[in-house]
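Student: Here is my input, please return the structure:
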Amino acid sequence: MTTNLNQLANAIRFLSIDAVQKANSGHPGMPMGMADVATVLFKNHLKFNPINPNWINRDRFILSAGHGSMLLYSLLYLTGYKDFSINDLKNFRQLNSICAGHPEYKKNSGIETTTGPLGQGLGNSVGLAIGEEIFRKKFGINIINHKTYVIASDGDLMEGISHETMSLAGHLKLKNLIVFFDNNKISIDGPTSLSVSDNYKKRFESYGWNFIEINGHNHKQISNAIKKASKSNKPNIISCKTIIGFGSPNKSGKSSSHGSPLGDDEITLVRKKLKWNYEPFEVPKNILKSWRDIGKQGMALEKKWSDSLNKKNSKIKKELEKVLDNKNLKNLNQLINSEKEKYFKEKPKKATRECSSQTIEVVSSLLPELIGGSADLSGSNNTKTKNSKVISCKDFDGNYIHYGIREHGMAASMNGLALYGGLIPFGGTFLIFSDYCKPSIRLSALMGLKVIYIFSHDSIGLGEDGPTHQPIEQLAGLRAIPNLNVFRPADINETLECWQIALQSKNTPSAIALSRQKLPYINPSFSKENKCELGAYVVNITSQNYVVNLIASGSEVEIALEAQKKLKEIKIDSKVVSMPCQELFDQQSSAFKNEIIDKNIPVITIEASSVYSWEKYSRHNMGIKTFGESAPYKEVYSHFNLTSAKVVELAKKIIKQ
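Tutor: Got it, this is the predicted structure:
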C-alpha cells in the first residue's frame, strides 16, 4: 500500500494531539500546522541518520519554536531514533521523560539543542551554520556539505535576539541556513495583529536574506521552496502560511489550539475530519514502515560519505577525528605550565584582561578549533590577538568573529558553535553586559556546553565610566546559575589556570571576569599544580596561629595582601585566601573547605561587588550594596571603603569581640 504525504503528516499530528491530551498540558496547534512542512523536509530533503545522530555531515534540524516539541519527538520516533519509543511519547511532560515540555539537548539523541525560550534556536542555528562554513573551508566541500534547517514561530521573530542573529547571518551570507517561518498569525493572546505589523519580507531582505512565501500545506510548494533555497547564495527564510491546529473543526486558526489540549470531544472531531480511524498513539504499520524507511535512507547516505572520506588523503580523516575529539587539548597542561614558569620569573604587573589576552595568544596556536570573538569590544576585552584571523563572508578560514554590538546574539551563536562539534567558542564583552547575554548563558549551563564567556571591566575598577558600566550584582547573578563556573583571577598565574580549567571542562561553561586595572603578581611559589582547580587556596599566612582569615577574589586579593602586611605590623597574624571560583570550592570535600575556612577563625571577605554570594562564608563581607560612582578608580574604591586600611579596621573590631 502506498502511503501518501497526507497520511505521513497526520501521523505527526495525531501523535502530538494524543501526547498533549494525555499529559493534559502542551501545545498541539503548532505541530498540527507545521506537520506538512516537516514531512516534506524529512522525506525528501533532510540528510540525517537515526542510527548515528552525531554524524558530522548531517543536516541540522532546529525547532526554535520549542513549544511545539511534540512535532520533534514525533519525527524522532517515527524515523527510528533509538532514544524515542512510543512509551516515551506517552510520557510527554512527565518526570525524567526525554519528551520534556520543551526540547532539551541530549547528545546523540536527535535533539540538536535546547529550545523553548523563543529566539534561542534561531541564534543557535547561526552558530551551527558558521560551524559548517568553518569545517567546509577546512575539510572541503566533498566532506562537509550540509544545511541547517530551522522552524521558527512568529514569537521567535518578535524576540530581539532574532534581529541580532538574523542580521549577523545576512552579513556573513550563511547560504546554508534555511528558516521555515510558521506564519500562522496566532499567538497565545490571540491574533498577532494585536502586537505586531512588521513587513517580514522587507525586514529580511534588508538583512540580505532571500524571502520566499508559500502555502505551508501545499506539498509541492514546500518542496520547490526548499530546492530554491538550497541553491541560494544567501540565508533563506521560507514564510509558510499555515493554519494553527490544522484539522480541528472548532479550534483551527484560533489561539485556543495554541497552548492547551484540544479536549476529547474535539479530538474525536479531528479524527473524523482527517479520516484517522485509529486509537490514541496508534500508527498503522504501513505508515510507520514508510516513516522508518525514510529514516533508513540516512544509513546509505552516511555510508556513501564514509566511503568518500576513506578514499581521501588519510591526513584529512585523521585531522577531522582530531578536531572532533579535541585531541589537541592533550598538550595543554604542558603549555600552561611552561607559561606559568615563565611568568613566575617575570612576576609582571598586568590587568587580568591583558593576562587573558596573552593566554589566548599562546593557546590558540595549540588549538585551531578555538573560535573567538567580541561584541565590538575586541580592544577592550583583549580577545583579539596576533594569532586571530577574522572570519568574513568571503573567507571562513579564520578563528575570530566580529559579532558587532549584539551581545545576546553572540552568546546564542556561541552555543551553536559548541553544539556543532569540535569547536570551542569564546566571546567577550564587559561584565555589565553579561545581562544582555544571560538567557543564552543559562542555556549553555543547562545543556552543559563548553562555551567560554570573557567579561572584562569586572568592577568599579573601571572607574570613570561610572555606574552604568560598573557591575555590582552581575557576579552574584552569574554565580546563581547552576552548572556555570564563574572565575575571577587575581594575576597572570590564576588567569592561565582558569583558562586551563575552562578549556578542559567537559560539561560546564565558564565565565571569566577580568580587571581593567593592573594587578600585582601574587603567586608565592611556582607549582605545576592548578590551585584554582580547587576554587580557593592560601596565598600567604603570617603564622599558624593566625586570628583572622581574609578571603578575596580578583583585584581585591591585592587589598587583602596589603591589609595583611599592616596587620602584621601591629602584631595581628592573618591568612589570605584567593577564591577565584566559588563553584569549584563548594564542590570540594568538607576537610578541604574546613582547611581553607576554619569555622573557629573570623572571616572577612572582600570583593568589589554585591556581597550576596559571599554570605555563605562569612558575616563580615566587604562589598558594595549600591550602584557605583563615576571617578578615577582608586577614589571609587576609597568611597566604598574598599581599602586595606578599612580591612584592618574591621579586623581589629572583630578580634576584640
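Student: CA only for contacts and neighbour counts going forward, please
Tutor: Fine.
Student: Would you agree Ala411 is in contact with Leu443?
Tutor: No: using Cα atoms under 8 Å, Ala411 makes no contact with Leu443, being 9.7 Å away.
Student: For these two, work out which one has more neighbours and name it.
Tutor: Counting neighbours by other Cα atoms under 10 Å for Ala411 and for Leu443 shows that Ala411 has the greater number, 35 against 23.
Student: Retrieve the pLDDT associated with that one.
Tutor: Ala411 carries a pLDDT value of 98.
Student: so after whichever strand or helix holds it, what's the next helix or strand?
Tutor: Assigned by DSSP states H and E, Ala411 falls within helix 407-420. Using DSSP H and E, the helix or strand that directly follows helix 407-420 along the chain is strand 424-430.
Student: Show me what the helix or strand following that next one is packed against.
Tutor: Later in the chain than strand 424-430, the nearest helix or strand by DSSP H and E is helix 434-447. Using 3 or more Cα pairs under 8 Å, 6 or more residues apart in numbering; DSSP states H and E, the elements in contact with helix 434-447 are helix 407-420.
Student: Which secondary structure elements does the helix it packs on sit against?
Tutor: Applying 3+ Cα pairs under 8 Å, 6+ apart, one finds that helix 407-420 makes contact with helix 120-139, helix 160-171, strand 424-430, helix 434-447.
Student: CSV for the ones you listed, including mean pLDDT and distance to His402?
Tutor: Shown next, in CSV, are the helices and strands packed on helix 407-420 (pLDDT from 0 to 100; distance: least, Cα to Cα, whole Å):
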stretch, mean pLDDT, distance to His402
helix 120-139, 98, 12
helix 160-171, 98, 9
strand 424-430, 98, 10
helix 434-447, 98, 16
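Student: JSON lines for these, including distance to Gln582?
Tutor: As requested, those are exported to JSON lines (distance: least, Cα to Cα, whole Å):
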{"stretch": "helix 120-139", "distance to Gln582": "28"}
{"stretch": "helix 160-171", "distance to Gln582": "31"}
{"stretch": "strand 424-430", "distance to Gln582": "21"}
{"stretch": "helix 434-447", "distance to Gln582": "16"}
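Student: Tell me which of those approaches Val636 most closely.
Tutor: strand 424-430 (18.4 Å; Cα to Cα).
Student: Any idea how many residues pack against the nearest residue to Ile391 once chain neighbours are set aside?
Tutor: What sits nearest to Ile391 in space, not counting adjacent residues and going by Cα to Cα, 6 or more residues apart in numbering, is Gly398, at 4.9 Å. By the criterion of other Cα under 10 Å, Gly398 has 20 neighbours.
Student: tell me which element Gly398 falls in.
Tutor: Residue-wise, Gly398 maps onto no helix or strand under DSSP H and E.
Student: Isn't it up against Asn387?
Tutor: No: when contacts are counted by Cα under 8 Å, Gly398 is not listed as touching Asn387 (9.7 Å).
Student: follow-up on the earlier one: among the helices and strands packed on helix 407-420, which comes closest to Asn49?
Tutor: helix 120-139 (17.6 Å).
Student: counting contacts, what elements does the closest one pack onto?
Tutor: Helices and strands touching helix 120-139, as assessed by 3+ Cα pairs under 8 Å, 6+ apart, comprise strand 60-63, strand 148-153, helix 160-171, strand 177-183, helix 407-420.
Student: Mind doing that once more with 10 Å?
Tutor: For helix 120-139, the packing partners by 3 or more Cα pairs under 10 Å, 6 or more residues apart in numbering; DSSP states H and E come out as strand 60-63, strand 148-153, helix 154-158, helix 160-171, strand 177-183, helix 314-324, helix 407-420, helix 434-447.
Student: and the angle for the helix holding Ala411 with helix 120-139?
Tutor: Angle of helix 407-420 versus helix 120-139, following axes from the mean of the first three to the mean of the last three Cα atoms, to 10 degrees, is 50 degrees.
Student: buried residues in helix 407-420?
Tutor: Using 16 or more other Cα atoms under 10 Å as the test for burial, helix 407-420 gives 407-420.
Student: For this protein, which residues score under the pLDDT cut-off?
Tutor: 1-2 (pLDDT under 70).
Student: hmm, try it at 80
Tutor: 1-3, 313, 657 (pLDDT under 80).
Student: top helix in it by residue count?
Tutor: helix 285-311 (DSSP state H).
Student: same for it, what does it pack against?
Tutor: Using 3+ Cα pairs under 10 Å, 6+ apart, helix 285-311 sits against helix 5-23, helix 29-44, helix 69-78, helix 314-324.
Student: quick one, what contacts the nearest residue to Gly110 once chain neighbours are set aside?
Tutor: Of all residues not flanking Gly110 in the chain, Pro53 sits nearest, at 5.5 Å (Cα to Cα, 6+ apart). Counting by Cα atoms under 10 Å, 6 or more residues apart in numbering, Pro53 touches 60, 81-82, 107-112, 298.
Student: So which of those residues are in strands?
Tutor: Under the assignment DSSP state E, the contacts of Pro53 contribute Arg60 to strands.
Student: so which of the contacts of Pro53 comes closest to Val362?
Tutor: Distances from Val362 to the contacts of Pro53, taken by Cα to Cα, are shortest for Lys107, at 30.6 Å.
Student: Hmm, that closest one is touching Leu419, no?
Tutor: Yes: between Lys107 and Leu419 there is a contact at 9.1 Å, judged by Cα atoms under 10 Å.
Student: Overlap in contacts, those two.
Tutor: 113, 447.
Student: coming back round to it: any chance of the helices and strands packed on helix 285-311 in TSV, with mean neighbour count and distance to Pro425 too?
Tutor: Listed next are the helices and strands packed on helix 285-311 as TSV, based on neighbours: other Cα atoms under 10 Å; distance: least, Cα to Cα, whole Å:
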stretch	mean neighbour count	distance to Pro425
helix 5-23	23	36
helix 29-44	24	30
helix 69-78	26	27
helix 314-324	14	13
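Student: out of the helices and strands packed on helix 407-420, which comes closest to Ser630?
Tutor: Nearest of the helices and strands packed on helix 407-420 to Ser630, taken as Cα to Cα: strand 424-430 at 16.4 Å.
Student: Direction included, what does the closest one pair against?
Tutor: strand 370-374 (parallel), strand 452-456 (parallel) (DSSP bridges).
Student: between that strand and helix 434-447, what angle do the directions make?
Tutor: Relative orientation of strand 424-430 and helix 434-447, computed by the same axes, to 10 degrees: 160 degrees.
Student: Would you state the helices of the stretch 451-600 of the chain in chain order?
Tutor: Secondary structure of the stretch 451-600 of the chain (DSSP state H, counting those that start in this stretch): helices located at 474-479, 492-504, 556-569, 582-586, 590-596.
Student: helices and strands around the fourth one, which ones?
Tutor: So the one you mean is helix 582-586. Partner elements for helix 582-586 (3+ Cα pairs under 10 Å, 6+ apart): strand 485-487, helix 590-596.
Student: got these as JSON lines, with mean neighbour count and distance to Leu335 columns?
Tutor: JSON lines is the format used below for the helices and strands packed on helix 582-586 (neighbours: other Cα under 10 Å; distance: least, Cα to Cα, whole Å):
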{"stretch": "strand 485-487", "mean neighbour count": "28", "distance to Leu335": "20"}
{"stretch": "helix 590-596", "mean neighbour count": "14", "distance to Leu335": "28"}
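Student: would you turn the ones you listed into JSON lines with distance to Pro602?
Tutor: Below are those laid out as JSON lines (distance: least, Cα to Cα, whole Å):
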{"stretch": "strand 485-487", "distance to Pro602": "25"}
{"stretch": "helix 590-596", "distance to Pro602": "12"}
